[in-house]
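Asks: Sequence first, predicted model second:
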Amino acid sequence: MSGRATFGLAPMEGVSELPFRLWLAQVSAPAFASTPFLRATDTFPAQIPIDFAAELTREWDVPYQLIPQVMTADPDDFVRTARLLLSHAEFVDLNCGCPSPNPVSGGAGSSLLKDPALFVGFAERMADALPAQSFSIKMRTGFDDTAAFDVLTHGLRSVPLKQLTVHGRTRRDRYDGSSRWDLIQKAAEQLPCSVVGSGDILGVDSMPPIHAMAPSVSRFIVGRGALRNPWIFLELRNQKPVAIRRSLVQKALACFALLTDLGMDHQIDRLEPLVQKGLWKTSAGTHSEAWAALYDELCVAHSGKILPLKDLELDRITLGRVKMVWNYLRSSLPAPYFEPLLLRSKSLGELLSGLERLDPADESFLVSHRSEWDWLFTSSRQKPTPAASEPIQLASITT
Ligand SMILES: Cc1cc2nc3c(=O)[nH]c(=O)nc-3n(C[C@H](O)[C@H](O)[C@H](O)COP(=O)(O)O)c2cc1C
């Protein structure tokens, strides 16, 4: 099974946005990637927001298939938004999993799972209005419990879905407990379309039990695991952990910072020539020279010249995003990297040059997930009282 398994980046609100997708393509090249959900209403969007799916709308040659996701309570709003996206995308995904109170109280996200008739009716309405295979669904295993899961998936059997993605938890579970791969397998057995599995893939060691529980599933998405270890797609492809060094981490983080700035609406035009130049044709991966070359290109596109890392000054929002990525990543690096001081850095240059303190020798090490630091990723209900880390703005694990 693992020989033909395909792995993509999960939709993650506040994370799987354009800069992160472009960055991850350089780090470990997922086969496909999802946008976070776009919340559609009867008036929004009138047109596709500039940075929502720039790879599609600008016809960029990137090495991953981009799957745009839409969240709404109303099938007509989905159909209208999907039609805008379908001039560029092969198919559009409907979010039936978001557990946040706001969409749920408005009847969207995981709320659509409360009533199987409503859920199947929504899917049939999409099928009536859109070409076969031009839409897909991402769902949890239920709202309060899994009692209706069979009925929900059974109802989709005659709907021409491109794919069904199942995150093996209910809305009530949020992120607690383990993903139910046995239920994901049941859906795969029941449905004619491809079923994509989601939940708790942290690296190559996660896969044998998942393959045993869900032998019919060969497409997978990785969410939090890609934050903990951005090299995870390389690890999953090569079936062994990836070795990197401190100087590569510095350059990779600096590239993420520059991409974050250049990925903003008003900057995208400066990013475009780099994509057209072919910089995304190969990924930098574990090659220090490739990261250094990418850094130079991004720096020139951004500031007109190559700056030493210590002089890289970007705004507070960008610094916050880099700290978010760093806060997850450091939990898969050697122990000295977990020290909280860097998270207090006042500037990007301070954070990036501060890394030299942690490993002056620049030794090679394996990126590997540490379960003892899992409290970083649990929902607030499970979180222990604050540990050694400085409180910072994390991507809210609410969706
Ligand atoms: C920060 C965060 C944001 C998320 N946003 C979305 C989203 O926009 N749409 C969606 O369908 N799922 C969303 N999810 C759920 C993930 O796509 C995925 O199904 C879930 O995290 C389980 O996979 P994992 O264990 O690999 O993280 C989000 C998850 C996280 C942690």
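Replies: Looks like it arrived, so ask away. Residues are numbered from 1 along each chain as shown.
Asks: Need the residues that contact the helix or strand that contains residue 353.
Replies: Secondary structure from DSSP states H and E places residue 353 in helix 348-358. The contact list for helix 348-358 (Cβ atoms under 8 Å, 6 or more residues apart in numbering) reads 246, 249-250, 253-254, 257, 309-314, 318-319, 322-323, 326, 336-337, 339, 341-342, 345. To be clear about C-beta, it is placed using only N, CA and C from the backbone, and glycine gets the same treatment.
Asks: buried sites along it?
Replies: By neighbour count on 16 or more other Cβ atoms under 10 Å, the buried set for helix 348-358 is 348, 349, 351, 352, 353, 354, 355, 358.
Asks: Reformat these into JSON lines and put pLDDT next to each item.
Replies: JSON lines is the format used below for the buried residues of helix 348-358 (pLDDT from 0 to 100):
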{"residue": "348", "pLDDT": "94"}
{"residue": "349", "pLDDT": "94"}
{"residue": "351", "pLDDT": "94"}
{"residue": "352", "pLDDT": "94"}
{"residue": "353", "pLDDT": "93"}
{"residue": "354", "pLDDT": "93"}
{"residue": "355", "pLDDT": "94"}
{"residue": "358", "pLDDT": "91"}
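Asks: Let me know the pLDDT of the nearest residue to residue 96 once chain neighbours are set aside.
Replies: Leaving aside its sequence neighbours, residue 96 sits nearest to residue 139 (Cβ to Cβ, 6 or more residues apart in numbering; 4.2 Å). The per-residue pLDDT reported for residue 139 equals 98.
Asks: From the ligand, how far out is residue 139?
Replies: According to Cβ to the nearest ligand atom, to the nearest Å, residue 139 stands 9 Å off from the ligand.
Asks: ditto for residue 171
Replies: For residue 171, the distance to the ligand - Cβ to the nearest ligand atom - is 11 Å.
Asks: Show me the domain layout of this protein.
Replies: 2-238, 243-377 (automatic domain parsing).
Asks: what's the most buried one of these?
Replies: domain 2-238 (a mean of 20; mean count of other Cβ atoms under 10 Å).
Asks: Show me what the helix or strand containing residue 164 is packed up against.
Replies: According to DSSP H and E, residue 164 maps onto strand 163-170. Counting contacts by 3 or more Cβ pairs under 8 Å, 6 or more residues apart in numbering; DSSP states H and E, strand 163-170 is packed against strand 135-142, helix 181-190, strand 194-198.
Asks: is the ligand contacted by the second one?
Replies: I take that to be helix 181-190. No. Shown here: helix 181-190 not in contact with the ligand (Cβ under 6 Å from any ligand atom), separated by at least 11.1 Å.
Asks: likewise the last one?
Replies: Yes. Under the criterion of Cβ under 6 Å from any ligand atom, strand 194-198 makes contact with the ligand via residue 198.
Asks: Check which helices and strands that strand sits against.
Replies: By 3+ Cβ pairs under 8 Å, 6+ apart, strand 194-198 packs against strand 163-170, helix 181-190, strand 219-222.
Asks: any idea how far that strand is from the chain center?
Replies: Counting by Cα atoms, centre = their mean, to the nearest Å, strand 194-198 is centred 15 Å from the centre of its parent chain.
Asks: same check, this time on the second one
Replies: Using Cα atoms, centre = their mean, the distance from the centre of helix 181-190 to the centre of the chain it belongs to is 23 Å.
Asks: what sits up against it?
Replies: Against helix 181-190 from outside (Cβ under 8 Å, 6+ apart): 141, 146, 149-150, 153-154, 157, 164, 166, 168, 195, 197-199, 209-210, 213-217.
Asks: interface residues of the stretch 1-150 of the chain facing the ligand?
Replies: 10-15, 36-37, 69, 95, 97-98, 138.
Asks: Which pair of these spans the longest distance?
Replies: Spatially, the most separated pair among those is 14 and 138, at 16.7 Å (Cβ to Cβ).
Asks: Format the helices and strands packed on strand 194-198 as TSV; extra columns: mean pLDDT and distance to residue 268.
Replies: Formatted as TSV, those follow (pLDDT from 0 to 100; distance: least, Cβ to Cβ, whole Å):
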stretch	mean pLDDT	distance to residue 268
strand 163-170	98	28
helix 181-190	98	36
strand 219-222	98	25
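Asks: where in this structure is pLDDT low?
Replies: By pLDDT under 70, the low-scoring segments of the chain are 1-3, 374-399.
Asks: Skipping its backbone neighbours, what lies nearest residue 183 in space?
Replies: With Cβ to Cβ, 6+ apart, the residue lying closest to residue 183 is residue 141, at 5.1 Å.
Asks: The one you found contacts residue 180, doesn't it?
Replies: Yes. Using Cβ atoms under 8 Å, residue 141 is in contact with residue 180, at 5.6 Å.
Asks: Show me the common contact partners of those two, please.
Replies: 168, 169.
Asks: Roughly how far does the closest residue to residue 331 other than its chain neighbours sit from residue 236?
Replies: Using Cβ to Cβ, 6+ apart and skipping the chain neighbours, the partner closest in space to residue 331 is residue 373 (4.1 Å). Residue 373 is 21 Å from residue 236, where distance means Cβ to Cβ, to the nearest Å.
Asks: same question, residue 142
Replies: Noted for residue 142: a distance of 28 Å to residue 236, by Cβ to Cβ.
Asks: Next, residue 98: secondary structure please.
Replies: Following DSSP: H, G, I helix; E, B strand; the rest coil, we place residue 98 in the coil state.
Asks: doesn't residue 110 make contact with it?
Replies: Yes. The pair residue 98 / residue 110 is scored as a contact, 6.0 Å apart, by Cβ under 8 Å.
Asks: Show me whatever sits in contact with both of these two.
Replies: In contact with both residue 98 and residue 110: residue 104, using Cβ under 8 Å, 6+ apart.
Asks: contacts for stretch 236-248?
Replies: Counting by Cβ under 8 Å, 6+ apart, 2, 5, 7, 28, 201, 203-204, 207, 222, 231, 234-235, 286, 288, 291, 355-356, 358-359, 362-368 sit against stretch 236-248.
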